Each structure stands twice: as C-alpha cells, then as structure tokens.
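1. return a 3D structure for these sequence lines:
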Amino acid sequence: MSSYEKLEALAWNLWWSWNPEVLDLFARLDSDTFHQSKNNPIAVLNRVGRDEITDAALIADIDTAHDALDAYMNRTTEYAVAPRTSYFCMEYGIHESLPIYSGGLGVLAGDHSKEASDLGIPFTAIGLFLREGYFRQHFTEDGWQQETHPILDPELHPLTLVTDDEGLPVIATVWVGQEPLRLRAWHVRLGRTNMYLLDSDFDRNPEALRSLTTRLYQGDRRVRLQQEIILGIGGLRLLRMLGVKTDVFHMNEGHCALLALELLRERLDAGDPPEVAERWVRDHAVFTTHTPVMAGHDRFDPQLFLEQMSYFQNRVRLSDHDLLSFGRVRPDDPEESFTMTVLGLKLSRAANGVSELNGMVAREQWHVLYPERAVDDVPIDHVTNGVHLATWTVPIARAFLNEKIGNWKDHASDPSFWSKFEHIPDEVLWQYRSELRRGLVAFATKYVKRQSLPIVCDLDPEALTIGFARRFATYKRAPLLFTDLERVAELFGQRDRPVQVLFAGKAHPADEGGKRFIQRIVEASHHPKLNGRVVFLENYDMEVGRMLVSGCDVWLNNPRRPMEASGTSGQKIAVHGGLNLSILDGWWPEGYNGSNGWSIGSTGTDALEPDEQDDSDAESLYQTLERSVVPAFYERDDRGVPSLWINRMRSAMIELPGKFSAERMLIDYVRNYYTRTAEHQMQTTDGSRRGLLSDR
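-> Next comes the predicted model:
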C-alpha cells in the first residue's frame, strides 16, 4: 500500500477526530488548506497528488499512524460481547469540520459514539445529515448576533452515500401526513462505530420537503415533528434495510422517541397482540432524558400530530385516542398535547437522567405518570455524563500525561491510575498549567483578529484566566459576572493581580434573550477597566472549545439551579489542571469535594424568585472570586508557585478525569442498561449468558 493510500485510509475514518497526531500529518502536507477547512483531512487529500508525498519523515509517520489505525480496528475487547446497540440522536458533535451539532446534547452524543468505538461495543449511531448544520455566527458592530448557513458539501467530508449491491442509493420511505418522503443516508466511519445520517435533500422529493433535514432546531412545530418522523421512523427503516441487527435501541432525548412507535408497528404487523407488542418494545428500548424544564420537552398539538402521523396511524389501525395515549399523561384529556418524553418513558424498559441531580429532577417532573409510587420510586435513574478524554485533551496535555502518568487513554475510568498525580512536584504542575494558558492566549489573540466582532484583545499570558463557553440559553446566565459592573471592573483591574475572562457561545436564532446576553458581554468588554480583559470569541465550535477548556485556569458555570442537566464542559478541564467555579448543579454536586474547585451559591436558593436567586448567586460569585480564587492564584511561595492553588489542581486531576470520563459512562450504560435490557437474548459463543458485564 502506498503512502497516499494509507493517508486516504486515515482520512476516511473519523478516528482522526480524537487522534491529533493523525491530523498533524495533513497539516504538514498543506497547512493553509487544513486550517481554512476547519482542520478537515479530506480537504487536504483533495489537493494532494499521489506523487507529492516524498518527505521520508512524513512517510514514516504515515506508516506509524496507519499501523495504529489498523491495530485499533482489529483489536478485540471484553465489550465486544455487549448487546448490539443502535443509538438515535438528533445531533452529533464529532469535529469542528462537520458542524451538525448545536451544543451539549450533540457533543455528548459524539463522545458517546466515540467511546463505544474505543470499548469495541457493537454500536450503530443514527442521526440527520444537516446540510446547513446549525449556523455560523457573526455580529453587527453593536454586538448583535447574526446567522449564516454555509452549505456542507458531502464530497468534501468523509461521508459515503449508502448504496445497495448494484451501486444504487438505499432509499427508505416515511410519510409526513399523506405525503411520501424518501430518505437516503450517508455513512460515517467513526473508528469502529458505524454512523448513518439521513438526508431528504435530493430530487426524488418535492421541493417543499427536501429541506427537512437541512437545518438543526429551526422551523415551526410542523417542521420539528417532520424531522422527528424522519429520525425515529426513517432511522429504524434504514437499519432494517441495511440488515443491522439490534438488541437494544437507545433513544437519546425525546427527538427520536417515534422510533418506539415504529417498533410497535413492526410487532403489530408481525401479528403480536397489542399488549405483547408493547412489552416487546419496552424490552428492547432505553430512553435518556436531559431536559430539566417542563417547557423544554417536545410537545405537539394533538391535531398536528394526528395530521402528520395519519398514514402511520392507518397502518397501525389505532384510534385517535389510543395513538395519542402513548404521548399523554392523561390519555382521556382531549386537549393534552402529545409529548415525546412521555412516549419515551412509556415505551422503554429503563430511563435515565444525565446526572444524579438531573435524575431527581426528572423523577419529580414525571411523578404524575406514576401517581401510585413515591417520587423516589419513579422509574427514572441516572447515568452521569462523561467526556471522551481523547477528543478534548490537547496535544501539549497528551504529551504531558504520557510522560508523567503513562497510558492514560487505556485507563481513563480507573481512579487509581489518576492518583499518580499525587507524586508530580508542584513546580512541574505549575509549569504545565502556565504553558497551556499561554497557548490559549496566543490562540485567542490570533483568533480575534479574524472575527467580525470589533473587540479589543489584550490578554496577559500570566494572568488568572477564566473561561465561560456554552449555548447562550438564558437559564445559563452568561452575564451573571457583570451584575455589578463596577465591582467586577475593580476586581479585574488590579495591576498586581490581573484577572481576565474569555466567553464563547451561540444563542438560538429565535432566542432574543440569549442574543441580548451576548450583547451585554460585548458591552461590558468596552468598560474602561475591562477593555481587552473581557474577550468574546465568535462562532464557538469544538476547536474553540478545546482551546478554552485546556487553557483556562478557572471554568465558570453559573446556571439557575436546578436547570443544568449535566454541563459536561467543566469535566474537560481537570486533565489540563483547570479548576471549576460552579453552581452546585448538573454534574458538579457529584464532583465537588471542597478542595478541587469552588462552589457558587447554595442549594437553599432554589426556592427563591429568579431575580432574587440571580442576585444571591452573583454576590456569592463575587465573594468567592475576591476571597478565595484570586488570592489562591496570586499567593506564591519562594519558587513563584501558588501552593494552595496547586493543591486544588492536584485534587481535581486525581479525582475528576476518571469519574467523569466517557469510558466510565459507557461502562455504566452497558452494565446497567444495555446488558440488562437484552440479557435474556444475548449469549456468548459458548452459550453462556452475557450477564458477566453487569455483574462486575
């Protein structure tokens, strides 16, 4: 195999998205094309001739990378006997060059799918080919967010059209109302995970329907429902056409819950009585809910639902009442909307929230579905989200970890492995933290020069650096830091103890409140004492996210408790020596021990009115910064090392990466959800039960 062919094999498997040494090969071939394409290997491959790879060192590195990919793909693991799982989600955050995600849900789904590949779980992921993705963000001079939608060309990405044995596109058909909609699919090789992205934008569909898979979370309720028909019903039909055998169907959020109804239709068509068909679906499905706010669950007007599902309803021969009952808390209430989360809960064997607190909130939310039970007995447990460390750990950190603690990628969820940080000297950890901060400052300084937002960037590579990056949903309270602008300006403006903060994030195009929050931060950046020390990085994506979580000393998270489902961005900073400064919401109540970061506010503010809670939490944030965070960073010993700060760093680096890794998360799902759901039918090659995975 030639070097070009090996490079081609590397480019067409998104394994590179969590192996930066592979990406570096493409950057070395054509740096300009690589960076202009948002680090896309296919863009480089399209410009490189077969005879242009002549550098001996590069050829040797290509050989090494190809051997590593080959070994990875052929490696067997104990989880190869896990149940065959098909995972449905509306969005996937895989890499910045493939912008088919909007935020935490998608990034979590991408990390989930990558970790399934690493563990060797038989795993298939289903989503939508969002040709215009979410959106690209830019700004007017006064800091008001604008949106554009660049077209994603599949020929410029590692996407392969799914075809049959004769080379013709595989076409699945669903019905939206009484109109047929044809769906083709694009195959993504994500390590050992097969991902299929459904696409309606081709000439076999009427023009009015072609755009249904074009954009994420944009359009009216009719469009949203049609997209969910595509994902849930169309996704299953595609799997059946491809012959993908599945033991467990995992519905990640209510967007894909119509999968359960399509499974039900299959069983009814096979002749099962309704109660047997429903039991079969529940035996094969698990459901994850993320949404801690009742208003955030997908609900559809009953008439709209019946209209769009009319062809399906005729197939299953269910009355209006019986079909709507699957998505209603009160089946006999003709005015109640059809709620996708209710459907997911009713037709799944097991359900979970994505943190311990989120599970508690979900049980309280849906207690109404189980009135005969105590709240604590509502059948919704939790699997706390974790992050795919190989995706989010930057090259400098990877080299440091390899040198100081060894093969961290193969011991991600082993708590004892991370205890090796106990023996790393303070000055070595401080040098590591400072190098990462300097890298972020250099990146941000260069990045700001290319953006539309007119903002001064005067960051100090040695100053205490705070980061805040996430979706600008209003409950996340991005501008909480600027509640008292003069107070924070005084804190940031101290010459001997400078503080600086970087923000990034997008507001949904229809979210005026979120856009106003961004504008308030831009306005704060122009304050005379803050000018240059408050920086907003536009068009937040996974590359910006990696740089921020690696370089910031402090990761700020201040949602209005208990509205954060998990908030995994803060889980990515510990391997980089960063510390969390967070409301006790999402995952942080499980991670915080008093010595590995800081908490903001208290659980006692939950019952306050929103304005009162905001004021209380802002005061707590200021006091924590003034009395704890800033002094700990700047109080140095005779070596110039902040020993109190290093103590917290070391505690975080020992306790958090393993506990909040995607490896731990996937093992939890396999043992407690996938295996137990399919255990009655899963057998190893010698005929024994596969229960060994759940018994460890």
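2. lowest average confidence, helix or strand, in the chain?
-> helix 675-678 (a mean of 71; mean pLDDT, DSSP states H and E).
3. any low-confidence regions in the chain?
-> The chain contains residues with pLDDT under 70 at 605, 677-696.
4. residues in contact with whichever helix in it runs longest?
-> In the chain, assigned by DSSP state H, the helix with the most residues is helix 426-448. Helix 426-448 is contacted by residues 394, 396-397, 400, 404, 421, 455, 457, 459-462, 465, 502, 535, 537, 544, 547-548, 550-553, 576-578, 639, 641-643, 646, 649-650, 653 when judged by CB atoms under 8 Å, 6 or more residues apart in numbering. Glycine gets a C-beta too; all of them are placed from N, C-alpha and C.
5. could you identify the buried members of those residues?
-> 394, 396-397, 400, 421, 455, 457, 459, 461, 465, 502, 535, 537, 544, 547-548, 550-553, 576-578, 641-642, 646, 649-650, 653 (16 or more other CB atoms under 10 Å).
6. among those residues, which are in strands?
-> Secondary structure assignment by DSSP state E places 465, 502, 535, 537 of the buried ones among the contacts of helix 426-448 in strands.
7. distance of the first one relative to residue 549?
-> Residue 465 sits 12 Å away from residue 549 when distances are taken as CB to CB, to the nearest Å.
8. what's the domain layout of this structure?
-> Residue ranges for the domains of the chain, per automatic domain parsing: 3-74, 81-131+157-299+348-382, 391-660.
9. could you dump those to JSON lines with distance to residue 137?
-> Listed next are the domains of the chain as JSON lines, based on distance: least, CB to CB, whole Å:
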{"stretch": "domain 3-74", "distance to residue 137": "14"}
{"stretch": "domain 81-131+157-299+348-382", "distance to residue 137": "11"}
{"stretch": "domain 391-660", "distance to residue 137": "4"}
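10. quick one, helices of the stretch 151-300 of the chain?
-> 207-210, 221-229, 235-242, 258-269, 274-284 (DSSP state H, counting those that start in this stretch).
11. and the strands in the stretch 501-650 of the chain?
-> Ranges of strands within the stretch 501-650 of the chain are 534-537, 554-557, 579-583, 597-600, based on DSSP state E, counting those that start in this stretch.
12. list the contacts of the first one.
-> By CB under 8 Å, 6+ apart, the list of residues contacting strand 534-537 from outside reads 143, 444, 447-448, 451, 453, 455, 457, 459, 469, 492, 500-504, 518, 521-522, 524-525, 527, 544, 548.
13. pull the distance from that strand to the chain's centre.
-> Strand 534-537 has its C-alpha centroid displaced from the chain centroid by 23 Å (CA atoms, centre = their mean, to the nearest Å).
14. given it, what are its sheet partners and their directions?
-> Looking at strand 534-537 with DSSP bridges, its partner strands are strand 499-504 (parallel).
15. circling back to that earlier point, okay if I get the helices of the stretch 151-300 of the chain as CSV plus mean neighbour count?
-> Conversion of the helices of the stretch 151-300 of the chain to CSV gives the following (neighbours: other CB atoms under 10 Å):
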stretch, mean neighbour count
helix 207-210, 12
helix 221-229, 20
helix 235-242, 20
helix 258-269, 22
helix 274-284, 17
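16. which one of those helices lies closest to residue 131?
-> Set against residue 131 and scored by CB to CB, the helices of the stretch 151-300 of the chain come closest in helix 207-210, at 9.8 Å.
17. and of the strands of the stretch 501-650 of the chain, who's closest to residue 167?
-> So among the strands of the stretch 501-650 of the chain, strand 534-537 is nearest, using CB to CB, at 44.4 Å.
18. and the gap between residue 206 and residue 180?
-> From residue 206 to residue 180 the distance is 9 Å (CB to CB).
19. er, residue 165 I mean
-> 24 Å.
20. residue 577 too?
-> Counting by CB to CB - residue 577 and residue 180 are separated by 55 Å.
21. again with residue 674
-> 34 Å.
22. looking only at neighbour counts, state which of these two leads.
-> Legend: neighbour count by other CB atoms under 10 Å for residue 674 and residue 180, higher for residue 674 (31 against 14).
23. show me what contacts that one?
-> Residue 674 neighbours (CB under 8 Å, 6+ apart): 82, 83, 85, 121, 247, 248, 250, 286.
24. burial measure for the closest residue to residue 80 other than its chain neighbours, as a count.
-> Of all residues not flanking residue 80 in the chain, residue 120 sits nearest, at 4.7 Å (CB to CB, 6 or more residues apart in numbering). For residue 120, the count of nearby residues is 18 (other CB under 10 Å).
25. look up how far residue 192 lies from residue 120.
-> From residue 120 over to residue 192 (counting by CB to CB), the distance is 6 Å.
26. can you redo the contacts of residue 674 as JSON lines with neighbour count and distance to residue 174?
-> Output for these, formatted as JSON lines (neighbours: other CB atoms under 10 Å; distance: CB to CB, whole Å):
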{"residue": "82", "neighbour count": "28", "distance to residue 174": "30"}
{"residue": "83", "neighbour count": "23", "distance to residue 174": "26"}
{"residue": "85", "neighbour count": "24", "distance to residue 174": "23"}
{"residue": "121", "neighbour count": "26", "distance to residue 174": "28"}
{"residue": "247", "neighbour count": "21", "distance to residue 174": "24"}
{"residue": "248", "neighbour count": "27", "distance to residue 174": "23"}
{"residue": "250", "neighbour count": "25", "distance to residue 174": "20"}
{"residue": "286", "neighbour count": "26", "distance to residue 174": "23"}
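27. of those residues, just say which sits nearest to residue 488.
-> residue 250 (43.1 Å).
28. that closest one against residue 86, yeah?
-> Yes - between residue 250 and residue 86 there is a contact at 7.1 Å, judged by CB atoms under 8 Å.
29. wait, what's in contact with residue 146?
-> For residue 146, the contacting residues are 137, 138, 139, 140, by CB under 8 Å, 6+ apart.
30. the first one in helix, strand or coil?
-> Assigned state for residue 137: strand (three-state reduction, DSSP: H, G, I helix; E, B strand; the rest coil).
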